[in-house]
Structures are given as structure tokens and as C-alpha cells.
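give me a 3D structure for the following:
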Amino acid sequence: MDFGNMSEVLIDVTLTTGLNTMAADAAEAEEAGYAGIWTFEGAHDPFLPILLAAQHTKNVALGTSIAVAFARNPMLLANIGWDLQAYSGGRFILGLGTQIKPHITRRFGMPWSSPAARMRDMVLAIRAIWQSWQERGPLDYRGEFYQHTLMTPMFMPDPAEVGDFGPPPIWLAGVGSAMTEVAGEVADGFLSHPFCTPDYLAQVTRPTLGQGAAKSGKTLADIQIHHSPMIVIGRDEAELARARTAVRKQLAFYGSTPAYWPILELHGRAEVGPKLKELSKQGEWDAMGELIDEDFVDTAAVTVTDAAQGARELQARYGDLVHRLGFNTPYRPDRALLAELLAAFPSR
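Alright, predicted model coming up:
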């Protein structure tokens, strides 16, 4: 079985359960062989579960994919990132995303403006704070959106807490060209959206990341890329059909967001986005799914009929595009099936 360069790709898992089950789920994920555990800011806080995962695992990487950056400020994120990096022994990745304007202004009650420029400023501010702590020196960051000019020894953590591994890497999520370019410029890694297709990753995401990296003297090779494509998996036709319906609905939900319309446009479906948005305003969630055609489901998602076939398909689509992969299942999958799929990949 030829897996090309897939042996170099790490396979991660995203855990979205609450605190009551996170410890056991994290330990089980590491035992199964996943290389990384990610949390997601949905129904639960993304950072508290990382603390439990760090306590109950030894080697697996731990990260947020994503924490909503604009719901917080650089000092708060610097503190949280530093503490989780220290406690996990250098295994934490601070993964940040913007969310969309209605959530920031109406759900979190925070300001919104120029998201790409604001995110760039936030990352630079966080790094300036960490530098102040590491060097035990003054803090004088004066950005367009964030200013941090006060830091006294009482509020500086001990640099020895993060030891030789230093503060955590910062990864940014994005779809549009502006945010993707910012990620290439100021971040250590990129969190691709599940709605992204292999063509979009190859034709838009990677070149744009490279453009951003060049602004700060880096290359595309310096940016780690993670992608969790949606997969359709089940033990029989009935389970596969249910999974496919769930994936179609999730694709429709994503497609109703204008920020993700460039993906539809790339695949000749520019007219679908506005229709999905209008139906979402009416709460017509089932009708939205009907607008996602079968070909696009097969383009954006991978159907797994058996573990070996699924691993080959994921390799063929993403082996040359990303460094880390996850299995995105917008439904409750059989964990044993996911374990079989993971085991079908070469030893990492």
C-alpha cells in the first residue's frame, strides 16, 4: 500500500465534550495513537478542558481549534497561553480564530473592526507581552488596536516556568485571503476550515500563506497546516446515509456564511451562498441541506467505507497539502470505526 508522504502527516482528534468526560477522553485518545488533541469553543470553554487533558496525558500535543480571539484581549490570552504551556510541559498550541461579527458584537459584546488587521495586532501584542516576561523587561507595545504599556515585576511569571521550550506557538484560523495572509506573516501554524476543499487549499490557501510568510522573511515551509475534513463513516448503508445527511446539513450551514463563499465560487456554485443565507434567516435548516448537491458533498467530504480505503483517500487528497489531519464528524460516530481508520495510517 503506497501512502506517499502520509507517514509524515500527524493525525489529531478534536474533543468537544464537557469537563466531566474530558480526562477519560483525552487519555483514551492518546492511548489510541492520536498525535494531537484539539478543543473547540462551542458549547464549552476551550481552555479548561486543555488543563484536564494535560493532566491525564503525557506526550500528545494540545491545542485550541479554535478559541475566539476577539472575545478576549492580548493580556488575557498571554496569561492563559503561558500557564497552559508551562503546565503541559511545552505541549500547548494557542489556536485562535475571529468568529464572525454578529457573534463578537451580539454574543460576546465585544468590538469588531478590520478583523485581519486586528488579529495581526493581537498576535504581535501577545508576543510582546511574552517577551517582556521572558526578559523581565519593560512592556511597551503600541499597536493600532491594542496598547500594553504597563508591566510590573509582581505580575510577571517566572521565565523558568516555560523553560527551554518557551511560550506556546500561535496558530491562526482563516478562510479568506486577508486573514490567511496574516496567518502566514505572524503565526506559526494555520488551522484550515472544514469547509475548505483540497482545490481551495492548493489554489488559494497555500499560496496566500506563502505570500504572508514572505512579508516576515519566512517561507511556506515554516508554516504548519492543520485540516480536519468532514468524513462520512458508518458500518452499513443506513449509518452511512445518516452520516452523509449530517455532513450535507453542516456544509449548508457553513455555506450560508459569506466569509466562506469564495470556496463555493471556486467550485462554480457562487449562486448557492446567497440562497443558503436567505434560508438560514428563515430557519429553514432542512431546506438548506437540499441545496448542497451530491458532487459537492463528495468534493468537500471523504466517504469511508473501510479503514484502508479511507486512509488511501485522505492521503490522495491531503498528503501533499497539510501537516496534520483530523476527522471532522458533525454527527456522533462510532469511535471504534475512527480508531480503525487511525490504525490504517502508517506508524507515526
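
give me the below-cutoff pLDDT ranges for this structure.
1-7, 347-348 (pLDDT under 70).

in the longest helix seen in it, which residues are buried?
Ranked by residue count and defined by DSSP state H, the top helix of the chain is helix 115-135. Going by neighbour count (16 or more other Cβ atoms under 10 Å), the buried part of helix 115-135 is 115-116, 118-130, 132-133. For the C-beta atoms, the positions are set from N, CA and C on the backbone; glycine is no exception.

pull the CA atoms of that helix into PDB?
Taking C-alpha atoms only, helix 115-135 is exported to PDB below (Å, rounded to 0.1, in the frame of the first residue of the first chain):
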ATOM      1  CA  PRO A 115     -10.600  41.600  11.500                       C
ATOM      2  CA  ALA A 116      -7.400  40.700   9.700                       C
ATOM      3  CA  ALA A 117      -5.600  43.800  10.900                       C
ATOM      4  CA  ARG A 118      -6.900  43.400  14.400                       C
ATOM      5  CA  MET A 119      -5.800  39.800  14.500                       C
ATOM      6  CA  ARG A 120      -2.300  40.700  13.400                       C
ATOM      7  CA  ASP A 121      -2.100  43.400  16.100                       C
ATOM      8  CA  MET A 122      -3.400  40.900  18.700                       C
ATOM      9  CA  VAL A 123      -0.800  38.300  17.900                       C
ATOM     10  CA  LEU A 124       2.000  40.900  17.900                       C
ATOM     11  CA  ALA A 125       0.800  42.200  21.300                       C
ATOM     12  CA  ILE A 126       0.700  38.700  22.800                       C
ATOM     13  CA  ARG A 127       4.300  38.100  21.700                       C
ATOM     14  CA  ALA A 128       5.400  41.400  23.100                       C
ATOM     15  CA  ILE A 129       3.900  40.500  26.500                       C
ATOM     16  CA  TRP A 130       5.700  37.200  26.500                       C
ATOM     17  CA  GLN A 131       8.900  38.900  25.500                       C
ATOM     18  CA  SER A 132       8.500  41.200  28.400                       C
ATOM     19  CA  TRP A 133       8.100  38.300  30.800                       C
ATOM     20  CA  GLN A 134      10.900  36.300  29.400                       C
ATOM     21  CA  GLU A 135      13.400  39.200  29.500                       C
END
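
how far away from the center of its chain is it?
Centroid displacement of helix 115-135 relative to its chain, using Cα atoms, centre = their mean, to the nearest Å, is 19 Å.

repeat for stretch 324-333
Distance, stretch centre to chain centre, for stretch 324-333: 12 Å (Cα atoms, centre = their mean).

got a list of contacts for that stretch?
Applying Cβ atoms under 8 Å, 6 or more residues apart in numbering, the contact partners of stretch 324-333 are 9-14, 35-36, 38, 194, 224-231, 233-234, 242-243, 246-247, 249-250, 314, 318, 338, 341-342.

and the buried ones among those residues, selectable in ChimeraX?
Selecting only the buried entries of the contacts of stretch 324-333 in ChimeraX, with 16+ other Cβ under 10 Å as the criterion:
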select :9,10,11,12,13,14,35,36,38,194,224,225,226,227,228,229,230,231,233,234,243,246,247,249,250,314,318,338,341,342
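
in the stretch 151-300 of the chain, which spans are helices?
With DSSP state H, counting those that start in this stretch as the criterion, the stretch 151-300 of the chain has helices at 177-186, 198-200, 206-215, 237-255, 261-266, 272-281, 285-290, 294-300.

let me know which of those helices is tucked in deepest.
Burial of the helices of the stretch 151-300 of the chain is given as mean neighbour count (mean count of other Cβ atoms under 10 Å); helix 177-186 ranks first at a mean of 23.

which strands and helices sit next to that one?
Judged by 3 or more Cβ pairs under 8 Å, 6 or more residues apart in numbering; DSSP states H and E, the packing partners of helix 177-186 are helix 115-135, strand 170-174, strand 189-192, helix 206-215.

taking their axis directions, that helix and helix 206-215 sit at what angle?
Following axes from the mean of the first three to the mean of the last three Cα atoms, to 10 degrees, one obtains 40 degrees for the angle between helix 177-186 and helix 206-215.

apart from its chain neighbours, what residue comes closest to Ser132?
Leu139 (4.1 Å; Cβ to Cβ, 6 or more residues apart in numbering).

ok so, going back, and of the helices and strands packed on helix 177-186, who's closest to Ile80?
Checking these against Ile80 by Cβ to Cβ gives helix 115-135 as the closest, at 10.1 Å.

elements contacting that closest one?
Partner elements for helix 115-135 (3+ Cβ pairs under 8 Å, 6+ apart): helix 74-88, strand 92-97, strand 141-142, strand 147-148, strand 170-174, helix 177-186.

touching that helix from outside, list them.
In contact with helix 115-135 (Cβ under 8 Å, 6+ apart) are residues 69-70, 74-75, 77-78, 81-82, 94, 96, 98, 137-141, 143-146, 148, 151, 156-157, 159, 162, 166-167, 170, 172, 176, 178-179, 181-182, 185-187.

returning to what we had before: would you turn the helices and strands packed on helix 115-135 into CSV with distance to Asp295?
Shown next, in CSV, are the helices and strands packed on helix 115-135 (distance: least, Cβ to Cβ, whole Å):
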stretch, distance to Asp295
helix 74-88, 41
strand 92-97, 28
strand 141-142, 49
strand 147-148, 49
strand 170-174, 26
helix 177-186, 25
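
helix/strand/coil for the residue nearest to Ser132?
Under DSSP: H, G, I helix; E, B strand; the rest coil, the three-state class of Leu139 is coil.

dump the residue contacts of it.
Leu139 touches 128-129, 132, 148-151, counting by Cβ under 8 Å, 6+ apart.
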